[in-house]
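Engineer: Could you work out the structure for the sequence below:
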Amino acid sequence: MTAESTAKVRDVPITAAVPLRTVRGTLAELSTVDGDQPGWLRVYVREAPRAGLREEVQALLPRALEVRIDPDMLPRTAASARAERAGRSPRDLFSDYLESRGHADEGVQELFDTLYEEVSTHP
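Structural biologist: Below is the predicted model:
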């Protein structure tokens with residue numbers, strides 16, 4: 001096949017499939033999920049976001065393909081309640097972002113501060 005030739009289409013039968021199961025719960029609830037069942041897992045964690053949560057879920061459920069925070073656990077904020085950006089420091093903006101996502105984690109904020117300081121002082 002070249003750029004000038006037409007592609008040839010052929011049917012390829014699917015002889016096996018791996019199911020994708022969706023599970024929801026806190027870490028304690030997820031620890032009771034039978035991880036030995038065949039298939040991949042989509043996991044919705046019913047806990048506030050924090051650094052290292054994905055790794056904790058994957059340690060419990062090695063077949064977790066997708067790990068997300070359950071949308072019910074994220075705070076609902078109205079557009080009118082969003083902070084004005086003009087004149088605010090990157091640290092304040094990032095802090096507001098973390099809080100709006102339900103992820104107000106001091107360790108993440110400290111890492112942002114360190115990285116921001118590093119890139120803003122080294123041209």
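
Engineer: use CA for all of it now, contacts and neighbours both
Structural biologist: Will do.

Engineer: In the lowest-mean-pLDDT helix or strand in the chain, which residues are buried?
Structural biologist: The least trusted helix or strand in the chain, going by mean pLDDT, DSSP states H and E, turns out to be helix 90-100, with a mean of 84. Buried residues in helix 90-100, counted by 16 or more other C-alpha atoms under 10 Å: Phe94, Ser95, Asp96, Leu98.

Engineer: now it, how far from the centre of its chain.
Structural biologist: 17 Å (C-alpha atoms, centre = their mean, to the nearest Å).

Engineer: Could you do stretch 5-19 as well?
Structural biologist: 31 Å.

Engineer: do stretch 16-30 as well
Structural biologist: The answer for stretch 16-30 is 15 Å, by C-alpha atoms, centre = their mean.

Engineer: can you tell me the average pLDDT over that stretch?
Structural biologist: Across stretch 16-30, pLDDT averages out at 91.
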